[in-house]
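**Student:** Here is my input, please return the structure:
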Amino acid sequence: MNPLVSKLGVAPILLLLSVGIAMMASPPHLLLAAEAGAASPQSEVAALREEVARLTALVASLSTRLARLEEENTARQAQIDARLAEARAVAAPAGGGVIQNQNPDISVVGVAVGKASTDRRDPDRNAIRLEGSELVLTKNVSPYARANLTLGYHGEEGHVEEGYADFSHVLPGRWEARVGRFLMPIGTLNQIHSHDWPMAARPLPLEFFLGGEHGATDEGLSLSTPLDLRSKTYARWQAEVLRGGSTILFNDGQTRVLGGRLSGNTPLNDRDDLNWGMNWHRGAWNRAGDLDSTVYGGDLMWRRRLSQFDRLTFWGEWLWNTREALGRSPLTAKGYYLTGMYKFRKDRDWHIGVEYDCTERPGDARFNAVARSAFAGYWLTENDRLQLQFRQVRDPFRGASYNEVLLQVIWGMGPHKPHLANF
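**Tutor:** Next comes the predicted model:
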């Protein structure tokens, strides 16, 4: 520290600085008088006091203005906080929680088909039509539930294909629940929307046993849980209580349908794996409700990964229906199909395959309907693709044998894109 400062102290130095400032700010005539020695010491002290008083008043004024600004800022911040709290109260759910977007994910899928056929009784032969379109809305409505609504339009008719909610982490153990209207867990293809299939035509066993352009759907409750087999195999068990809305297998809701499915995946090595499944559903098929109809099913799929993009897949499904009859043995019918497919990438993604169908009709085992097919698919982008299928059909139930060529154009918008599922 400067010795002069330590001897005199801070106050005298500040006083000298103030005097210097006052002298610099004094009017010119005072400076001239001081230089001339005309001013007395008493007048100089009076001038300094007047300047100190003026500076003190200025500091007080600035302090008052600063206090007023702080009050205004505090009031303004209080208004902002109140508006934010009001917005949170409006946006938050009734039971509390966080602000979240409640708008669903929306997707649209369309399928157009051109058909050339030698079956003169087919009203769609030699024509192009919109086979179907779907509007899909999905959303995680809570940490425990995910909702799905699929509206399907086929021709001039619109209906709800699926509308359900999946619940998890609610039931004891690892049980999960699905409630509403959904595709019945019968086999492989019936649980997948047809725009995700690699072929354009529905296999004959699925058409005869499950019916419809979108497969067998029903309303009710499905419970499922994974099974710990203490191996590399992943297995899952499902149990259903359904209304019984299938007009082919059951009596359209007059009695309830009980069923279940056991499915799993078994890795064989680093390139091969097996998907397998078995299902069983039972309900009444006659109007009185005293004669039962039972459908059994089994499916198997073997997949080999040849490279990152190339895969070889073989799969098949088997269906068997038995119906009780008065005074006679049960009516039985069975059907199956076998399919092989090769997926590969050339300039774009491709897939080619063959299929063989052989089936009876539920309640009518007099004949076997047979179909042989070859199909191919070409991906334009991940959102759209073309599929071509040639099929030879011999259907003794209709007394028809014909050839047909189907060209399918599939496109999608939104997160629910048309894909090939797990093939």
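
**Student:** Could you give the average pLDDT over the strand or helix carrying Asn73?
**Tutor:** In the assignment (DSSP states H and E), Asn73 maps to helix 41-91. Mean pLDDT, helix 41-91: 82.

**Student:** Check which element follows that helix along the chain.
**Tutor:** According to DSSP H and E, the helix or strand after helix 41-91 is strand 105-117.

**Student:** how far does the helix or strand that that following strand is followed by sit from the chain's center?
**Tutor:** Sequence-wise, the next helix or strand downstream of strand 105-117 (DSSP H and E) is strand 127-142. Offset of strand 127-142 from its chain centre (Cα atoms, centre = their mean, to the nearest Å): 13 Å.

**Student:** Point out where this structure drops to low pLDDT.
**Tutor:** 1-39, 89-101, 212-213 (pLDDT under 70).

**Student:** Next up, the contacts around the spatially most central residue of the chain.
**Tutor:** In the chain, the residue lying closest to the centroid (Cα atoms, centre = their mean) is Thr138, at 5.4 Å. Thr138 makes contact with 104-105, 107, 146-149, 415-416, according to Cβ atoms under 8 Å, 6 or more residues apart in numbering. Quick note: C-beta positions are derived from backbone N, CA and C, even for glycine.

**Student:** Of these, which is the nearest to Thr332?
**Tutor:** Nearest to Thr332 out of the contacts of Thr138 is Asn148 (Cβ to Cβ; 35.6 Å).

**Student:** Burial check on that closest one, number of neighbours?
**Tutor:** For Asn148, the count of nearby residues is 20 (other Cβ atoms under 10 Å).

**Student:** For it, give me its contacts.
**Tutor:** Counted by Cβ under 8 Å, 6+ apart, Asn148 has contacts 136-138, 162-166.

**Student:** Over to Leu66?
**Tutor:** So Leu66 contacts nothing (Cβ under 8 Å, 6+ apart).

**Student:** Could you verify my assumption that Arg146 touches Asn140?
**Tutor:** Yes: using Cβ atoms under 8 Å, Arg146 is in contact with Asn140, at 5.0 Å.

**Student:** Between those two, which has more neighbouring residues?
**Tutor:** Neighbour tally, Arg146 and Asn140, criterion other Cβ under 10 Å: the higher count belongs to Arg146, 16 against 13.

**Student:** Distance check, the more buried one against Arg304.
**Tutor:** 33 Å (Cβ to Cβ, to the nearest Å).

**Student:** Glu44 too?
**Tutor:** With Cβ to Cβ as the criterion, Glu44 and Arg304 are 107 Å apart.

**Student:** swap in Ser401?
**Tutor:** Separation of Ser401 from Arg304 (Cβ to Cβ): 35 Å.

**Student:** Strands of the stretch 251-400 of the chain, residue ranges please.
**Tutor:** 257-267, 272-284, 292-305, 311-323, 331-345, 349-361, 364-381, 384-395, 400-413 (DSSP state E, counting those that start in this stretch).

**Student:** Check which helices and strands the fourth one sits against.
**Tutor:** In this structure, strand 311-323 makes packing contacts with helix 204-209, strand 292-305, strand 331-345, judged by 3 or more Cβ pairs under 8 Å, 6 or more residues apart in numbering; DSSP states H and E.

**Student:** Could you tell me the angle between the second one and strand 311-323?
**Tutor:** With axes from the mean of the first three to the mean of the last three Cα atoms, to 10 degrees defining the directions, strand 292-305 sits at 170 degrees from strand 311-323.

**Student:** Also the last one?
**Tutor:** Per the same axes, to 10 degrees, the angle that strand 331-345 makes with strand 311-323 is 170 degrees.

**Student:** the inter-axis angle of strand 331-345 versus strand 349-361?
**Tutor:** Relative orientation of strand 331-345 versus strand 349-361 (the same axes, to 10 degrees): 170 degrees.

**Student:** what about the closest residue to His195 other than its chain neighbours, how many neighbours?
**Tutor:** Leaving aside its chain neighbours, His195 sits nearest to Pro418 (4.5 Å; criterion: Cβ to Cβ, 6 or more residues apart in numbering). Pro418 has 22 neighbouring residues, counting by other Cβ under 10 Å.

**Student:** correct me, but Pro418 touches Gln408?
**Tutor:** No: counting by Cβ under 8 Å, Pro418 stays clear of Gln408, with 10.5 Å between them.

**Student:** Per the annotation, how does the protein divide into domains?
**Tutor:** 3-91, 105-413 (automatic domain parsing).

**Student:** Make a markdown table out of these and add distance to Asn422.
**Tutor:** A markdown table is the format used below for the domains of the chain (distance: least, Cβ to Cβ, whole Å):
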| stretch | distance to Asn422 |
| --- | --- |
| domain 3-91 | 39 |
| domain 105-413 | 7 |
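
**Student:** looking at this, the residue nearest to His195 is in a strand?
**Tutor:** No: counting by DSSP: H, G, I helix; E, B strand; the rest coil, Pro418 is not found in a strand; it is coil.

**Student:** please renumber so the chain begins at 486
**Tutor:** New numbering, starting at 486: the last item is Pro903.

**Student:** Distance-wise, check it relative to Trp682.
**Tutor:** 10 Å.

**Student:** and if you look at His901?
**Tutor:** 15 Å.

**Student:** ok, now Arg846?
**Tutor:** 22 Å.

**Student:** And for Asp607?
**Tutor:** Remark: distance between Asp607 and Trp682 (Cβ to Cβ) = 21 Å.

**Student:** So for these two, which sits in the more crowded spot?
**Tutor:** Neighbour count, other Cβ under 10 Å: between Asp607 and Trp682, Trp682 has more, with 23 against 14.

**Student:** Look up the closest residue to the more buried one, ignoring the ones flanking it.
**Tutor:** Leu674 (6.4 Å).

**Student:** So in terms of bridging, what pairs with the nearest residue to Gly730 once chain neighbours are set aside?
**Tutor:** Closest residue in space to Gly730, ignoring its immediate chain neighbours: Asp703 at 4.9 Å, by Cβ to Cβ, 6+ apart. Here Asp703 sits in beta bridges with Phe667, as judged by DSSP bridges.

**Student:** my read: Asp703 touches Pro670, true?
**Tutor:** No: between Asp703 and Pro670 there is no contact under Cβ under 8 Å: 10.0 Å.
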